[in-house]
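Novice: What follows is a predicted protein model with its sequence.
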Amino acid sequence: MPPKVDESLVALFSSLGLTSAKSAELARSPKQAAALKDLITAQGLEGAKLDERTANLLAAAAVDKAWPALGVDEKAYLVGRVKEGDLKEGAQVAAGIKYLATHPAPVDKGEFDHETGVGIVVPITLIVSHIESSLPPTLSSLPNPWSGAGPLLKTLKDIPELRWANPADVKNEVERIFGERFGSREECLKRAKEAAKSAPKEPKKTVAVKEDKKPAVVEAPAENMFEVGFLGQLHKPGGNPQIKLELRDAHLKATGGKVITRFPPEPSAPSVYFLFVDIGHSKAIAVNFGYAAHHNGHTYLRYDDTNPEAEEQVYFESILEMVRWLGFEPWKITYSSDYFRKLYELAVELIKRGKAYVDHSTAEEMKIQRGGEERGPRTASRWRDRPVEESLALFEDMREGKFQPGEATLRMKQDLEDGNPQMWDLVAYRVLNAPHHRTGADWKIYPTYDFTHCLVDSFENISHSLCTTEFILSRVSYDWLCDALEVYKPRQSEYGRLNLQGTVMSKRKILKLVKEGHVRGWDDPRLYTLIALRRRGVPPSAILSFVNALGVSTALSNIPVARFEQSVRADLESSVPRLAFILRPLKLTLENVDDDYFVEVEKPLHPKVPSMGTAKVPFTKTVYIDRSDFRTEDSKDYFRLAPGKTVGLLSAPYPVTCTSFKTDPATGEVTELFARLEIPPTPETPIKKPKAFIQWVAEHKPSRSPVVVDETRIFHQLFKSDNPAAADDFIADIDPNSEEIVRGALVEVSFWALARKLLDAARVNARERTKSAIEGGVALDDAPVSAEERRAPTPKLTAEQLVGPECIRFQGLRVAYFAVDKDSRLASTDEGDAGEPGWREGDRLVLNRIVSLKEDSAKNA
């Protein structure tokens, strides 16, 4: 029997504006009824008689599980925004509650609106674009293509740019496109049934199985990200539509039908550091350079230097260095400023075509014209319809410096009725009284990104303009401008960004960490900037493998750091040598051998990779083991060294048995162990294999063994939480123990020869790569040096860009993977073949832990 309904509650809920049926449904649930009653009474909404949609949204807010935790002011704010009609969908209400739960009053209206999608109108053109780019290419081969409509709708729902799209619009467009491409739902269903009836039935296959053998497990080959998903569905060169057919023909003739991409960073301090903010930006480099390389095409490294007030030469060099470190070589290095004259001429042409005008609106007036913070109706500038000749004259005055910054701009005359903000008369040129790093004082006006980007893509015959989904709205204005000027129109395609959990990506937040001294700098190994990952010792190949394994799609990827670290381990597992490494040394003296006892032990640098070779290390009367490998009291479940217990020493000739130990009288800490080397009485006597083996390094003054590590830096996650960016005070979320410094660790003496060998090999590889890249056409040609080049020379390709101390990587056996830090000084690695590698006066060795070992990540390091 259904629960009895409290009619007084039904009446109260109906007075809010809910239907009788909805009121009765809510009244039957004591928990929901209590929540809604509290909202109505607390907000004074008894008898409010709101429209049904608003009442339903308030009811949804009341039963949201996060609603009770909001304060009085926050609840009142949200109810007010719902009543005003700003929040129109349930998803917006839920987003508003989530925002207010972490951002108490007073509420930042602009930020609240951004988080809840207030005023955002997702244009149909954007919805259609996402539908077309998300359509699986295999749909047309299915018996009933309409079976893919449901999964497609789910895919579209997860795309950030469609978060605030009207669900009915999305559904309607999917059904329209499916109908146009595949026929009606009914027609497809009928064809599928007919095909099923006429299809020949396949006989059942029998497979003989041998019971005494296990079936072979065949692993699927790793997919190449350029052949599947988003990148696998991109158009072929020439497949991007043009306003005139001859534009496509000219493009194909110029490129020879090759894939041409570009990587266009802005070389200013904030933007360069934003480029390095997190590993996600390596995806942009990998996608643009890798896609072209996969198709035997070319990639421009283009510096988008349209902002003269923020550009410094060091940033240009840093960008090139990071691109090359990741393993890519630009086909050509260009600058947006190379095209300033051509861009200016096209701006004049745009005015002549009646599609641009000189405007004198202030920044605040432009904001109001574009709907203001309320995203209200757009209004035209009062100068929008000024005569063409007048705009041409004024634009010339702008160029000659007759206006001060802010007094005049050139705006594109687009479509104020379009739902896309990128079509609301964007600024094309602004006045800036600042010299440019390359063009000097030649120009008083500078083009904006929105005007420059698509046109320079056109000039350089880019076939695939690949960028992240944050630029998806810009695609409409990108296409509009190319078509308005009737120039070749590249195809912009957007993919989802890659984010890592447990770190911050905001350049403002990282700058705060750096300035306040919470980290060592932008390259602090606890950060996930590219320069930080390089310093930590992460190989570029590991980053590229990680990006490839994730694939490329239009959805935002938010990946746990543990998954990235696993990719790093997988890369290092078979690519770096293994050395004995004692993080916290404990002296062990062999009592039953002479003081000058010495055995040279030859050991493999990697037991599974013989090609790495071997190393020779001394074995003497005094060795050092790790403190974690000894206990003063033995137990059944403990297999390493203890009094009276025997263990093997890795690669050493004989096991050892602990006979006694010495402690510090003041602290009780064990300071030295004494042991017996289990030398068999005769060479024929078999040696009993111990249950456990531990690592060691020997003390041997003639060979300067062992190598003392001045600092071993062990890095943990910088923040306590997985989402520090969401914290009210992200600085308070810093883990004070995120960096541990251990002094006095020991590593086997073969480290010196290995360090020289690894650096020499890296230098040879760097020289060969650089020579090949220069011969391939990256270097500047022999043309006379321009004034621009004299002012700001294009960064040159050098072998030094690819080599650093981080090239010296190894696995510290049973501890972790390590790399040499830039704070080190290893003189013998710079001596070539002169002298034996080893310690020199003034040397300093600092190691960074790259990543822990998978099998024992909690041990020691």
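Specialist: Looks like it arrived, so ask away.
Novice: mind listing the strands for the stretch 551-700 of the chain?
Specialist: For the stretch 551-700 of the chain, the strands defined by DSSP state E, counting those that start in this stretch cover 557-559, 578-579, 581-582, 585-590, 598-604, 614-620, 622-626, 646-649, 656-663, 670-677, 693-694, 697-698.
Novice: winner for burial among the ones you listed?
Specialist: Compared across the strands of the stretch 551-700 of the chain, strand 581-582 shows the largest average neighbour count, a mean of 28 (mean count of other Cβ atoms under 10 Å). For glycine as for every other residue, the C-beta is placed from the backbone atoms N, C-alpha and C.
Novice: That strand: partners in the sheet, and parallel or antiparallel?
Specialist: The sheet places strand 581-582 alongside strand 745-747 (antiparallel), with pairing taken from DSSP bridges.
Novice: Now tell me what touches the strand it pairs with from outside.
Specialist: Identification of contacts with strand 745-747 by Cβ atoms under 8 Å, 6 or more residues apart in numbering yields 579-585, 624, 697, 706-709, 712, 812, 847.
Novice: and it, how far from the chain's centre?
Specialist: 34 Å (Cα atoms, centre = their mean, to the nearest Å).
Novice: now the angle between strand 614-620 and the very next helix or strand once past that strand, please.
Specialist: Remark: after strand 745-747, the chain's next helix or strand is helix 751-773, criterion DSSP states H and E. Between helix 751-773 and strand 614-620, the angle comes out at 160 degrees (axes from the mean of the first three to the mean of the last three Cα atoms, to 10 degrees).
Novice: So for helix 751-773, what gets flagged as buried?
Specialist: 751-752, 754-759, 762-763, 766, 769-770, 773 (16 or more other Cβ atoms under 10 Å).
Novice: Kindly report the same for stretch 365-377.
Specialist: Quick answer for stretch 365-377 (16+ other Cβ under 10 Å): M366, Q369, R370, G371, R375.
Novice: My guess is the fourth one contacts P377. True?
Specialist: Yes: when contacts are counted by Cβ atoms under 8 Å, G371 is listed as touching P377 (6.6 Å).
Novice: Lowest-confidence one in the buried residues of helix 751-773?
Specialist: Note: of those, the lowest pLDDT belongs to A773, at 88.
Novice: I figured it was touching A799, is that so?
Specialist: No: taking Cβ under 8 Å as the definition, A773 is not a contact partner of A799, at 10.3 Å.
Novice: which intervals of the stretch 101-250 of the chain have sub-threshold pLDDT?
Specialist: Along the stretch 101-250 of the chain, segments meeting pLDDT under 70 span 137-141, 196-223.
Novice: typo on my end, it should be the stretch 751-861 of the chain
Specialist: Checking the stretch 751-861 of the chain against pLDDT under 70 turns up 777-784, 855-861.
Novice: Run through the strands of it in chain order.
Specialist: Counting by DSSP E, counting those that start in this stretch, the stretch 751-861 of the chain has strands at residues 809-812, 816-820, 846-852.
Novice: I'd like to know which elements the first one is packed against.
Specialist: Strand 809-812 sits against strand 578-579, helix 751-773, strand 816-820, with contacts defined as 3 or more Cβ pairs under 8 Å, 6 or more residues apart in numbering; DSSP states H and E.
Novice: To R536, which of these lies closest?
Specialist: strand 816-820 (6.8 Å; Cβ to Cβ).
Novice: that older thread, quick check: which of the strands of the stretch 751-861 of the chain is buried the most?
Specialist: Counting by mean count of other Cβ under 10 Å, strand 816-820 has the highest mean neighbour count of those, with a mean of 25.
Novice: that older thread, can you lay out the helices and strands packed on strand 809-812 as JSON lines showing distance to Q242?
Specialist: Conversion of those to JSON lines gives the following (distance: least, Cβ to Cβ, whole Å):
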{"stretch": "strand 578-579", "distance to Q242": "57"}
{"stretch": "helix 751-773", "distance to Q242": "33"}
{"stretch": "strand 816-820", "distance to Q242": "50"}
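Novice: Next, the contact list for the most centrally placed residue in the chain, please.
Specialist: Geometric centre of the chain, nearest residue: G280, 1.1 Å, by Cα atoms, centre = their mean. Taking Cβ under 8 Å, 6+ apart as the criterion, G280 is in contact with R497, L498, N499, L500, M505.
Novice: Mind doing that once more with 7 Å?
Specialist: R497, L498, N499 (Cβ atoms under 7 Å, 6 or more residues apart in numbering).
Novice: And V121, by the same measure?
Specialist: G419.
Novice: Please apply the same query to A292.
Specialist: Taking Cβ under 7 Å, 6+ apart as the test, what A292 contacts is V259, I260, T261, H298, T299.
Novice: Among the residues you listed, find me the one that's closest to L100.
Specialist: Of all these, L100 sits closest to T261, with 42.6 Å by Cβ to Cβ.
Novice: The closest one belongs to a helix, doesn't it?
Specialist: No: the assignment for T261, made by DSSP: H, G, I helix; E, B strand; the rest coil, is strand rather than a helix.
Novice: one step back: out of the helices and strands packed on strand 809-812, nearest to R386?
Specialist: It is, among the helices and strands packed on strand 809-812 and with distance given as Cβ to Cβ, helix 751-773, at 50.6 Å.
Novice: got a list of contacts for the closest one?
Specialist: By Cβ under 7 Å, 6+ apart, helix 751-773 touches 329, 577, 579, 707, 797-799, 802-803, 807-808, 810, 826, 828-829, 837-838.
Novice: try 6 Å
Specialist: When contacts are defined by Cβ atoms under 6 Å, 6 or more residues apart in numbering, helix 751-773 is touched by residues E329, V707, L797, A799, L802, V803, C807, I808, L826, T829, P837, G838.
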